[in-house]
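>>> pasting the sequence and the predicted model now:
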Protein chains: 2
Amino acid sequence: MPELITESEPELQHGGQDTEDRPDNGTPLGAGASAAPHDGHEAAAILEAVRASVNPELRSAVESLPGPMGRIGLYHFGWRNADGTAADGDSGKAIRPALVLTAAGALGGPRARGAAVRAAVAVELVHNFTLLHDDVMDRDATRRHRPTAWTVFGDADAILVGDALQALALRMLAEDPHPAAAEAAARLAGCVVELCAGQQADTALEQREPDEVTLAEVLDMAEGKTGALLGCACALGALYAGADSGAVEALDAFGREAGLAFQLIDDVIGIWGDPDRTGKPAGADLAARKKSLPVVAALTSGTPAAAELAELYRLPHEEDDPARLARIALAVERAGGRDWAQAEAADRMARALGSLARALPDPDDAGGLLALAEFVTRRSS
Amino acid sequence: MPELITESEPELQHGGQDTEDRPDNGTPLGAGASAAPHDGHEAAAILEAVRASVNPELRSAVESLPGPMGRIGLYHFGWRNADGTAADGDSGKAIRPALVLTAAGALGGPRARGAAVRAAVAVELVHNFTLLHDDVMDRDATRRHRPTAWTVFGDADAILVGDALQALALRMLAEDPHPAAAEAAARLAGCVVELCAGQQADTALEQREPDEVTLAEVLDMAEGKTGALLGCACALGALYAGADSGAVEALDAFGREAGLAFQLIDDVIGIWGDPDRTGKPAGADLAARKKSLPVVAALTSGTPAAAELAELYRLPHEEDDPARLARIALAVERAGGRDWAQAEAADRMARALGSLARALPDPDDAGGLLALAEFVTRRSS
């Protein structure tokens, strides 16, 4: 149900909005499980260096699109205004390219990191293809603080530029002479299928009755929408480092689990986040009747609060007032949705770190990826 | 302007409808320029054999889509009904896979033809991805005599299955160990960008005033929408045969020019075709105010009839009656649109055959491709 998708969704979730900009004032979730906690500075430095490596090739790929598609693509990435004039916009934090390059560097050194730039660009092109399409499907009007491409150029142009970005991504790998390029392309294309399945499940779940949705379905959907591309980014880095298949799969699992931890925390913030800190109204996800992870955990808990929550979720959201939203939030909490989500996020992050340690036992080698995982899961609650 | 796109468009045109089913009762356009004219039987036999080679792998790729996407894909291809029950539907004539396999066989023999099956499947997956998306954009309600996927499953599912088919196509080539696979994948991905640009130009042209459109623009658009993928199919066959770059480019040019000849003839039929033979109302493209090739040639002819045509094209089509449609058709004819289109089609077909002869000088080797080119351009006028 498109209108149920709100601006509050994270950019890390395929189709969501850019809440990577939330203030970094939470506690790193993974800190307790890691050898050395990271403040946000290491991740910020990695991301800045990655954008410097990746953006020239990324921009040149987008500019290569023929006709008006180039201009529309540059608008989407924040590099041009709708009228074609230059904009110093926000093309995103580049978390996925950072995972590609940091994984490649950790497993193969600076040479592998340098060789993986095209793979990093390809992953970012795929990410942006999905953003363009999801905004059309979900009728989201804002992305990175600007009107979405379909609101400016129409549905057809937004769909076509998304299609072309997917093609550019896979062409970039097909043209790359690196020995890992074909396997990386196959893996990235397979990930696109997973992303589509995740978005398909999301739109289908939003149309179902609250008590018809299982927790396994929502976890699967979140893995497809959020986890798959983070895992794929890490796996591509490992492939470009020439890592063995064990390390490739371990890094994929690391990215997937970190992505799920992120999603769980983001869903908690979508209900209980402080509006002053998150910049969105309290209970926004509840007002939109989103079947987020804590909500579905609550609904399927078999508790008396679950029955109350199901009833509240059926009330027309147009008539919500702050008191009703507070009652819904309390029902989710009393049914155990909040505790479950926080415990599950910690568990996912622990699994992510376990996978990371399998591929990179030396904490010095794993440090960059750990910093990025903590960065994406660091959220104010 | 989506509503201007009618059911009359050919399936060979990206986004068009399946008029490959029109009766084969016209005169082969290329017959005069070829050593030996072909009746439709050779092409029909090629197409049937190609479907037998390609459909199992094509269907298994579509069935591999997770969740409901597989069912939606099977519906689109005519293999399942909307409720999931088996259908012995029409998955299309398989012109593009036939061009891949026939080109591979002509240049490399049966071994090359056998090796090129995955490339043929990939091309057909790309073609069907564009059909799914174009139907959404153009709001076309019928495809291959059945309701289009978006009318049955909604826009979001049709967009997502299209996205997934593109990914499947490029994954199929990325996973193919054939030495030509990477170059073929890069070429196919580049072709997708061209297809998108063609569809983008088409939707943009339909929104402009009739006298603001140049013939060069419409020819470019037709090359992107119709010619590019036919050319790419032939080029992929050549690549899989290990042909040199001269032969690859010659076969690309052959497919492109044949595609343009087809488009020109189809546009003539869209105005002057016999409804009893074509199965669509007389003047359907005129009633839709389509800026088809003969119309734009007429509008830009600088003749008095051009001015009359421009005026007629601005009249609201809701008030059209058969007399007015006849006046519009006469204006196109008097402004030279019909003669130009027929001469241009013959010229394009001659160029196609010239390119074919460069790559395959022996008419025996070229026979299959020639038969296919004549098949696609054989239309009742």
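Arrived safely.
>>> what's across from A:T142 in the sheet?
On the basis of DSSP bridges, A:T142 is bridged to A:P147.
>>> how many neighbouring residues does it have?
13 (other Cβ atoms under 10 Å in any protein chain shown). Bear in mind the C-beta positions are built from the backbone N, C-alpha and C, glycine included.
>>> what's the distance between it and chain B?
Here A:T142 is placed at a distance of 19 Å from chain B (Cβ to the nearest Cβ, to the nearest Å).
>>> now A:H317
Applying Cβ to the nearest Cβ to A:H317 and chain B gives a distance of 21 Å.
>>> got it, and A:T85?
21 Å.
>>> run through the residues that contact that residue.
Under the criterion of Cβ atoms under 8 Å, 6 or more residues apart in numbering or on different chains, A:T85 has no contact partners.
>>> tell me the pLDDT of it.
With respect to pLDDT, A:T85 scores 94.
>>> and the one 10 residues further on, by the same measure?
Among the per-residue scores, A:I95 holds a pLDDT of 96.
>>> just A:R277 next, same as before
For A:R277, the pLDDT comes out at 71.
>>> one more: the one 5 residues further on?
Predicted confidence (pLDDT) for A:A282: 74.
>>> I'd like the next helix or strand past the helix or strand of chain A with the lowest mean pLDDT.
Taking mean pLDDT, DSSP states H and E as the measure, chain A has helix A:275-278 as its least confident helix or strand, at a mean of 72. From helix A:275-278 onward toward the C-terminus, using DSSP states H and E, the following helix or strand is helix A:284-287.
>>> show me what the helix or strand following that following helix packs onto, helices and strands only.
Reading on from helix A:284-287 to the C-terminus, the next helix or strand found by DSSP H and E is helix A:293-299. Under the contact criterion of 3 or more Cβ pairs under 8 Å, 6 or more residues apart in numbering or on different chains; DSSP states H and E, helix A:293-299 touches helix A:215-222, helix A:245-272, helix A:304-314, helix A:322-334, helix A:337-359.
>>> in the longest one, what counts as buried?
I take that to be helix A:245-272. By 16 or more other Cβ atoms under 10 Å in any protein chain shown, the buried positions in helix A:245-272 come out as A:247-272.
>>> I'd like the average pLDDT over stretch A:339-354.
On average, stretch A:339-354 scores 97.
>>> neighbouring contacts of it?
With Cβ under 8 Å, 6+ apart, stretch A:339-354 has contacts from A:29-30, A:33-34, A:253-258, A:260-261, A:264-265, A:267-268, A:293-294, A:297-298, A:301, A:333, A:370, A:373, A:377.
>>> could you rerun that using 6 Å?
Stretch A:339-354 is contacted by residues A:29-30, A:33, A:254, A:257-258, A:260-261, A:264-265, A:268, A:293-294, A:297, A:373 when judged by Cβ atoms under 6 Å, 6 or more residues apart in numbering or on different chains.
>>> now do it: distance to the chain's middle.
Chain-centre distance of stretch A:339-354: 17 Å, with Cα atoms, centre = their mean, to the nearest Å.
>>> quick one: buried residues of it?
Buried, per 16+ other Cβ under 10 Å, within stretch A:339-354: A:W340, A:A341, A:Q342, A:E344, A:A345, A:A346, A:R348, A:M349, A:A350, A:R351, A:A352, A:L353.
>>> any idea which of those is the one closest to chain B?
Nearest to chain B out of the buried residues of stretch A:339-354 is A:R348 (Cβ to the nearest Cβ; 21.6 Å).
>>> how close does the closest one sit to A:R187?
To A:R187, A:R348 is 22 Å away according to Cβ to Cβ, to the nearest Å.
>>> is any residue of stretch A:239-258 near chain B?
No. Judged by Cβ under 6 Å from any Cβ of the partner chain, stretch A:239-258 and chain B are separated, with a smallest distance of 12.1 Å.
>>> do stretch A:100-118 as well
No. Under the criterion of Cβ under 6 Å from any Cβ, stretch A:100-118 makes no contact with chain B; the nearest approach is 12.3 Å.
>>> in that stretch, which residues are buried?
Buried residues in stretch A:100-118, counted by 16+ other Cβ under 10 Å: A:100-108, A:112-113, A:115-118.
>>> next: stretch A:157-177.
Neighbour counts over stretch A:157-177 (16+ other Cβ under 10 Å) mark A:157-176 as buried.
>>> got a list of what the closest residue to chain B within the stretch 251-381 of chain A touches?
Chain B sits closest to A:R256 of the stretch 251-381 of chain A, with a gap of 15.7 Å, by Cβ to the nearest Cβ. A:R256 makes contact with A:G227, A:G231, according to Cβ under 6 Å, 6+ apart.
>>> same thing but 8 Å
A:R256 makes contacts with A:E223, A:G227, A:A228, A:L230, A:G231, A:A352, as judged by Cβ under 8 Å, 6+ apart.
>>> I'd say the first one and A:A258 touch.
Think A:E223. No. Using Cβ atoms under 8 Å, A:E223 makes no contact with A:A258, being 11.6 Å away.
>>> pass me the low-pLDDT residue ranges in the stretch 251-381 of chain A, would you?
For the stretch 251-381 of chain A, the stretches flagged by pLDDT under 70 are A:278-280, A:379-381.
>>> one more time with 90, if that's ok
Along the stretch 251-381 of chain A, segments meeting pLDDT under 90 span A:270, A:273-285, A:288, A:317-319, A:376-381.
>>> so which bits of stretch A:88-97 are buried?
By 16+ other Cβ under 10 Å, the buried positions in stretch A:88-97 come out as A:G89, A:D90, A:S91, A:G92, A:K93, A:A94, A:I95, A:R96, A:P97.
>>> cool, and stretch A:56-68?
Buried-residue list, stretch A:56-68, by 16+ other Cβ under 10 Å: A:E57, A:L58, A:R59, A:A61, A:V62, A:L65, A:P66, A:G67, A:P68.
>>> nearest to A:V123, of the residues you listed?
Nearest to A:V123 among those is A:L58, at 10.2 Å by Cβ to Cβ.
>>> what about A:V218, how many neighbours?
A:V218 has 24 nearby residues by other Cβ under 10 Å.
>>> in this structure A:K291 contacts A:V213, no?
Yes. Using Cβ under 8 Å, A:K291 makes contact with A:V213 at a distance of 5.4 Å.
>>> who's more crowded, those two?
A:K291 (23 against 19).
>>> phi and psi next, for the more buried one.
The phi/psi pair for A:K291 (degrees, to the nearest 10) reads phi -90, psi 60.
>>> what's near enough to touch A:A204?
Taking Cβ under 8 Å, 6+ apart, we find A:A204 in contact with B:P68.
>>> now the angle between helix A:215-222 and the helix or strand hosting it, please.
Counting by DSSP H and E, the element that carries A:A204 is helix A:181-206. Counting by axes from the mean of the first three to the mean of the last three Cα atoms, to 10 degrees, helix A:181-206 lies at 130 degrees to helix A:215-222.
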